[in-house]
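> build me a structure from this.
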Amino acid sequence: MKNILLFFVLINPLCLLLGQTTYTREWGTLIDPVKFGSNHVLNVNPVNGNMYYVSGYLEIMEYNINNYQSKSIYKFQQTSFGTIIQNITFDTEGNIIISGRGTGAPPPTPGTYNGGANFIVKISTTGTVLLSLRANLSQHITHLALDKFNNMYCVGQLNKNTVLNESPFQSTADTSSIINSQDAITKISSNGQHVWSTFYTKDQSYIRSIVAADDGFYVYGDHMASTSTSNYFSTPGSYQEYATGVFTGSGGNEKNVFLSKFNFDGTRAWSTYFAVDRSMVPYGETLNYYGGLTVINNEPYILTKHEIRPVMTKNPTTAGAFLTTQVSMSQYDITATKFSNTGKKIWSTFLYYGEAISKPLDTNELFISGTAIENNQYLTSIVPNNAYQNKFGGGRTDNYIFSLSTDGSKMNYGTFYGGLGNDVGVTFATKNGFYTLGYTSINNSSISMFSTNPVLNQYVYDNNGKEYYGTYISYFKRKSLGLKDSSSKPVTFNIYPNPATNVLNIQCKDILPENTLFTVFNIAGKKVLIEKAQSTEVNQINISNLSAGVYVLKIDSNGTNQVVKFLKK
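Have a look, this model is predicted:
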């Protein structure tokens, strides 16, 4: 009796070719010639998955996940006193929350918090102003987060001589500090009422990120001018109760990162330092804020930049992590670290690069972006087989994008994204993919490799006529290698014999189109054989030259992919 193995191939998100997922660029477009360089304000709406970007004209632009067409949502006024927009986030209904400073915002909603030049405005995705208020902070609102009840938590600065009445944690600043305006956290209710304010500052400290969870919010920052006896940003029994006090050069250079969790009432739940020698929150070249903190299932994940001069005195990584040896060629190394919601360190791994971290809206993994630098010894080894771009593009820098498992043990995906110019960017994960915003300079051609938009694909020429430059947004869509397209019907086919020695027969109920391809991969994911199908009921593949072992057969037909394993004897 013929040994026939029947396969009924159905869609299954776990049925990946060798467990791999890849991403293809769906679209790209050049944007905003006014706002070249850093200080970009953008974010992904968790409700609709679209990207919202604040242009150089103070205009909120929506980029739909499906194409490169943009839409104007709302435009702030340009005034003689100036208007700056610094943060964009969203409430649970998908409304846009903007914070900034200046006189170009809409007038305050009656009865709301009102008393300063800083503003917070809530705008619907159709452009209707739903709420406007003024926050009483002496400097900018540097960071903004919303909890699941749509209460707002903003970080700004107050004069160090200010006294906060009925503060839940720290009513006075550090008056001995050389910094006159020091960080404070303010909670504002969903209807625009001031709830509480507290300083959170010591010596020369700075809050770099704030992210809300279901049971509180996390604060991530730098404690500068700290000493080995500094413990203000820690709680008893925490992972690291004291700063290291290590410094290089002149005094005031001592720097350790801290991670704190606060309750919604403004009291501190726990806090810890995280450093071996000197550590700091990494700063990206594309954003105007620090993107080194994200939260998944109420647990924080942080990116940390460690000074290694010339080596770190202790390895901060954990057993089984993705990278447990230093990878940097310079004086700094980057780690990704997970803490529990009670402040225990779960794992830590070195990274090749890392400036910003985000979580997709539909999967639990970490998307991390950074800047790859030319002549780095790791450029040929840090991109897997499923990359969109597996080689460094050229120039001095390229975007580097990768995803990391939430247990810190493996890289799920990685790719370069760059051309012959100097390219930097930042990645925001969304539904079924990710956006990358970046800018490119020192290009010798006017046509952009980052754009699929036939209207907006020309770089700007600089005033000296020496180079082309531009800013772009691209969207990459998740593709599961080996999965058939969801719009196609399941197909029944037979392969036999299995195991096979010399010939593998492929029998399909319908005659396959002539453009059908049969591709065989070994267990390491390397392509070892490819053949074009014949218009017959049964196709045969000669596998006699393959070594014994397990292989994967992929059938590509009319835009659909199906896979099955077989054994070569």
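> next one: residue 1, what pLDDT does it get?
With respect to pLDDT, residue 1 scores 38.
> could you do residue 81 as well?
For residue 81, pLDDT reads 76.
> run a quick neighbour tally on it.
Residues near residue 81, counting by other Cβ atoms under 10 Å, number 9. To be clear about C-beta, it is placed using only N, CA and C from the backbone, and glycine gets the same treatment.
> also residue 178?
Around residue 178 there are 10 residues (other Cβ under 10 Å).
> same check on the one 3 residues further on?
When neighbours are defined as other Cβ under 10 Å, residue 181 has 17 of them.
> skipping adjacent residues, who's closest to it in space?
What sits nearest to residue 181 in space, not counting adjacent residues and going by Cβ to Cβ, 6 or more residues apart in numbering, is residue 157, at 3.8 Å.
> check residue 354 too.
In space, residue 354 is closest to residue 334, 4.2 Å off (Cβ to Cβ, 6+ apart).
> following element in sequence after the host helix or strand of the one you found, please.
Element membership for residue 334 (DSSP states H and E) is strand 332-339. Elements were assigned by DSSP H and E; along the chain past strand 332-339, the next helix or strand is strand 345-351.
> quick one: mean pLDDT over that following strand.
96.
> other SSEs contacting whichever helix or strand comes after that strand?
The helix or strand immediately downstream of strand 345-351 is strand 356-358, counting by DSSP H and E. On a contact count with 3 or more Cβ pairs under 8 Å, 6 or more residues apart in numbering; DSSP states H and E, strand 356-358 meets strand 293-296, strand 299-307, strand 365-373, strand 422-430.
> and with 7 Å instead?
strand 365-373, strand 422-430 (3 or more Cβ pairs under 7 Å, 6 or more residues apart in numbering; DSSP states H and E).
> buried ones in the strand holding residue 334, by neighbour count?
333-339 (16 or more other Cβ atoms under 10 Å).
> on that earlier part again, now the helices and strands packed on strand 356-358 as a markdown table including mean pLDDT and distance to residue 123?
A markdown table is the format used below for those (pLDDT from 0 to 100; distance: least, Cβ to Cβ, whole Å):
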| stretch | mean pLDDT | distance to residue 123 |
| --- | --- | --- |
| strand 365-373 | 92 | 26 |
| strand 422-430 | 93 | 19 |
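> just those: most buried one?
strand 422-430 (a mean of 25; mean count of other Cβ atoms under 10 Å).
> report the angle between the helix or strand just after that one and strand 365-373.
Going down the chain from strand 422-430, the next helix or strand is strand 433-443, by DSSP H and E. Strand 433-443 runs at 10 degrees relative to strand 365-373, counting by axes from the mean of the first three to the mean of the last three Cα atoms, to 10 degrees.
> what about strand 433-443, average pLDDT?
Mean per-residue pLDDT for strand 433-443: 92.
> any idea how far the helix or strand just after that strand is from the chain center?
For strand 433-443, the succeeding helix or strand toward the C-terminus, using DSSP H and E, is strand 460-461. Centre-to-centre, strand 460-461 and its host chain are 29 Å apart (Cα atoms, centre = their mean, to the nearest Å).
> for strand 460-461, which strands pair with it and how are they oriented?
Using DSSP bridges, strand 460-461 pairs in its sheet with strand 468-480 (antiparallel).
> dump the partner strand to PDB, restricted to CA.
The C-alpha trace of strand 468-480 is given here as PDB (Å, rounded to 0.1, in the frame of the first residue of the first chain):
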ATOM      1  CA  TYR A 468      19.600  65.800  -0.300                       C
ATOM      2  CA  TYR A 469      17.700  65.200   2.900                       C
ATOM      3  CA  GLY A 470      14.200  64.400   4.100                       C
ATOM      4  CA  THR A 471      11.800  63.000   6.800                       C
ATOM      5  CA  TYR A 472       9.700  59.900   6.200                       C
ATOM      6  CA  ILE A 473       7.100  57.500   7.700                       C
ATOM      7  CA  SER A 474       6.900  53.900   6.700                       C
ATOM      8  CA  TYR A 475       4.500  51.100   7.700                       C
ATOM      9  CA  PHE A 476       5.600  47.400   7.800                       C
ATOM     10  CA  LYS A 477       3.000  44.700   7.900                       C
ATOM     11  CA  ARG A 478       3.500  41.300   9.700                       C
ATOM     12  CA  LYS A 479       3.700  38.300   7.500                       C
ATOM     13  CA  SER A 480       3.800  34.800   8.800                       C
END
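> now do it against strand 422-430, angle only.
40 degrees.
> tell me the mean pLDDT over strand 468-480?
For strand 468-480, the per-residue pLDDT averages 89.
> which element, helix or strand, includes residue 195?
Per DSSP H and E, residue 195 falls inside strand 194-199.
> go through the helix or strand just after that strand and flag the buried ones.
Per DSSP H and E, the first helix or strand lying C-terminal to strand 194-199 is strand 204-212. Neighbour counts over strand 204-212 (16+ other Cβ under 10 Å) mark 204-212 as buried.
> same deal with stretch 91-111?
Neighbour-count burial for stretch 91-111, with 16+ other Cβ under 10 Å as criterion, is recorded at 91, 95-102, 104-105, 108-109.
> go on, stretch 256-267?
Applying 16+ other Cβ under 10 Å to stretch 256-267 flags 256-262, 264, 266 as buried.
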